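1. I'll drop the sequence and a predicted model, then ask my questions.
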Amino acid sequence: MIVYVLTEEEKDLLVGQFFIPNDKFNPVLDGDTPPDWVISEEEVEQNQYQEFMWVKDLPTKNWIRPIQETE
Amino acid sequence: MGNNINIGKYLGSKVRGIEPPAASGGGLDPDAQAYITALTTQGYTPTAGEKTGINELFLNLKGTGPVNSTDNMYSDLKIVRPYFGGLAATNGLNAIAPTTNTTDFYGTFFGGWVHTNAGSKPNGVNGYMSNNFTPSINMSSNTNGGIFCNVIENTDVGMDIGCQTFTNFTGLLIASNFFGTRYSRALTSNQLGVAASPPTNAAAFWGSLQISGQPYFQQNTTLTTFAAGTSGRPDRDLLSGAINSNGSPANYTNRRRNFELVLNNVGTTARALLLKQIVDAFNTAVGR
């Protein structure tokens, strides 16, 4: 699965912002070492808002699932 | 015979476009109509057949429908989320309070989802939905609370629905065996999540349905049993597509879901089973 890599600054620009009505960007840290902030293909492909079209130009990488403490 | 008017010919153009009644015996249930109107406002206009299915859903929840003609559970319901309409804006609607206000438990999606008329599928990476619902605040009782989640796909990643319990709650929100539940997990000491096995359903209950020794199942095979827990209500927002782990989403799933219910007074096994029948009837009626 491909994800899109964000800088810390880019992550801050997306948090709390809608990419379609009633769905917000949700940057998460992946399981890489060190971890990267990433968003998903769905967020990039579905984004309707011109102000966030720059996400389509983000670098990509394969998704590395983080180890989840609760599982 | 000068008054022999061809009524059909005269009215033909007038009645075209008027849909037949969606429910037998008259108009729509007013709450069903409110949900249909909200779906339309948010971008999806149900077909006549879908309106019939929606109407029967409300009738069944009120104990006057073809599947349920006796148990009026409507006042106990807090969230009825059919994930219907194919858009994030429609699939987040709470059908019994169909506004976009979070105080009406309008679901807010985060991250990657695919929304269709068959439900909403999170991506297992960062997709979850806030129900804007905290049981300790939004439920009226420490006992008999219920959460019901209908998922479709048989994958083994993540948790379908869940939230953290309050500090002193030592019991578990357990996954019931009523619906062939795949598993529930007592995560850390005060967390709960539920995952389900298709084509069946997951359910979590707290309070009096926490029966000592109740088994839980993985695809109809008993794995173990839980001890009875104390009663209480979780004090974190209920998340769908993940669990709420100490205020943050965790254990993301990629299983599509097409119905969730949250209610007070699950009360009896009979009512719990009825929920499944009502959900199944709706899904069949709308072609799922």
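-> Structure received. Numbering: from 1, shown residues only, chains lettered A, B, ... in the order given.

2. what are the ranges of the helices in the chain?
-> Picking chain A for this. For chain A, the helices defined by DSSP state H cover A:8-14, A:41-46.

3. right idea, wrong chain: chain B
-> Remark: helices assigned in chain B by DSSP H are B:7-15, B:30-42, B:48-61, B:88-91, B:135-138, B:269-285.

4. mind checking which of those is nearest chain A?
-> Nearest of the helices of chain B to chain A, taken as C-beta to the nearest C-beta: helix B:88-91 at 4.1 Å. For glycine as for every other residue, the C-beta is placed from the backbone atoms N, C-alpha and C.

5. quick check: mean pLDDT across the closest one?
-> On average, the pLDDT along helix B:88-91 is 98.

6. contact partners of it?
-> A:20-23, B:39, B:42-44, B:81, B:83-85, B:100, B:107, B:109, B:113, B:115, B:119-120 (C-beta atoms under 8 Å, 6 or more residues apart in numbering or on different chains).

7. contacting residues around the nearest residue to B:G53 once chain neighbours are set aside?
-> In space, B:G53 comes closest to B:A285 once its chain neighbours are excluded; the distance is 2.9 Å by C-beta to C-beta, 6 or more residues apart in numbering or on different chains. By C-beta under 8 Å, 6+ apart, B:A285 lies in contact with B:49-50, B:52-53, B:56-57.

8. could you pull out the strands for chain A?
-> Using DSSP state E, the strands assigned to chain A run over residues A:2-6, A:18-20, A:23-24, A:28-29, A:37-40, A:60-62.

9. how close does the spatially most central residue of chain A sit to B:D235?
-> By C-alpha atoms, centre = their mean, chain A has its centre lying nearest to A:I39, at 1.3 Å. Using C-beta to C-beta, to the nearest Å, A:I39 is found at 30 Å from B:D235.

10. Contact residues of chain A facing chain B?
-> A:1, A:3, A:20-28, A:38-43, A:63, A:65, A:68-71 (C-beta under 8 Å from any C-beta of the partner chain).

11. Pull out the buried members of those.
-> Among the residues of chain A next to chain B, those scoring as buried are A:3, A:20-28, A:38-43, A:63, A:68, A:70 (criterion: 16 or more other C-beta atoms under 10 Å in any protein chain shown).

12. Reformat the helices of chain B as a markdown table; add distance to A:Q48.
-> Converted to a markdown table, these look like this (distance: least, C-beta to C-beta, whole Å):
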| stretch | distance to A:Q48 |
| --- | --- |
| helix B:7-15 | 39 |
| helix B:30-42 | 15 |
| helix B:48-61 | 25 |
| helix B:88-91 | 11 |
| helix B:135-138 | 31 |
| helix B:269-285 | 29 |
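
13. Go through those helices and pick out the most buried.
-> Greatest average neighbour count among the helices of chain B goes to helix B:88-91 (a mean of 25), per mean count of other C-beta atoms under 10 Å in any protein chain shown.

14. low pLDDT regions in chain A?
-> Chain A contains residues with pLDDT under 70 at A:68-71.
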